[in-house]
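K.L.:
dropping a prediction and its sequence here:
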Amino acid sequence: MAANVGKEGIPAEGATTQTVTGGSKPLHRFLRGEPKTVGIVLILMGSCLFMFGIPPKMDTLESSSDIYSSFWLGILYFTCGVLYILAEREPTKKIVTASLALSIISILGSIFAAFDFIKAMVVISQNHYYRLYSTYSPDNHTELEPVVEQHYLSAYSLEAVFLFHSLTGAVILITMTVFARMALRSSRTQAVVVMRNLPSAE
């Protein structure tokens with residue numbers, strides 16, 4: 001569509017032609033958000049969420065991996081990142097619309113996952129507190145206590161990292177949603193000029 005803008009031709013007599021003023025330039029407002037850079041960041045975040053979600057799944061502690069929060073959130077971030085990179089290379093209305101739709105879904109997913117990560121942190125801290133203070137006695141204290149302590153601390157820290165990623169991703173996605181919405185709204189308000197060629201007098 002953009003390639004045809006500005007080209008002049010001789011239409012047939014009586015034909016009706018439509019010219020969209022401004023071409024596809026309003027979609028380039030989406031590029032102000034640096035979608036390629038943001039896409040690379042989201043791909044890295046999504047890959048980290050997916051890979052770091054594997055160890056907790058193999059753990060016996062209750063965590064957010066029980067409902068695969070880090071896995072599906074990582075997939076959403078990765079897909080959004082790919083769409084943003086494609087939008088940078090070829091900013092068409094379909095790609096920007098798809099980016100907007102997936103961004104909204106990912107924002108909702110980030111909020112849901114953030115609550116799940118917070119819940120997992122609370123459960124881990126409660127289990128740690130119960131095990132440390134409710135069942136502690138000098139008789140059952142073993143040399144494994146520091147190892148178990150480190151285990152709980154590592155699981156809690158990993159959930160905190162997941163929470164940070166989800167909140168950071170939500171902020172990034174909200175920003176990109178605003179840019180995408182502005183670009184699509186501008187493209188809808190473009191003036192469509194309809195020109196009808198009058199038959200030539202012979």
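P.N.:
Alright, I've got the coordinates. Residues are numbered from 1 along each chain as shown.
K.L.:
end to end, how far does stretch 86-101 reach?
P.N.:
End-to-end distance of stretch 86-101 (C-alpha to C-alpha, to the nearest Å): 15 Å.
K.L.:
what residues of it count as buried?
P.N.:
86, 87, 88, 91, 95, 96, 98, 99, 100 (16 or more other C-beta atoms under 10 Å). For every residue, glycine as well, the C-beta is placed using N, CA and C.
K.L.:
hang on, isn't the fourth one packed against residue 29?
P.N.:
No: with contacts defined as C-beta atoms under 8 Å, residue 91 does not count as touching residue 29, sitting 9.2 Å away.
K.L.:
any shared contact partners between the two?
P.N.:
Common neighbours of residue 91 and residue 29, using C-beta atoms under 8 Å, 6 or more residues apart in numbering, are residue 183.
K.L.:
point out where the protein drops to low pLDDT.
P.N.:
The chain contains residues with pLDDT under 70 at 1-28, 57-66, 128-148, 186-202.
K.L.:
which parts of it are helices?
P.N.:
Under the criterion DSSP state H, the chain carries helices at the ranges 35-52, 54-57, 69-89, 93-129, 145-188.
K.L.:
distance of residue 105 from residue 32?
P.N.:
Going from residue 105 to residue 32 by C-beta to C-beta, to the nearest Å gives 23 Å.
K.L.:
with residue 51 instead?
P.N.:
Here residue 51 is placed at a distance of 32 Å from residue 32 (C-beta to C-beta).
K.L.:
rewinding a little: any idea which of the helices of the chain is most buried?
P.N.:
Neighbour counts (mean count of other C-beta atoms under 10 Å) averaged over each of the helices of the chain peak at helix 69-89, with a mean of 22.
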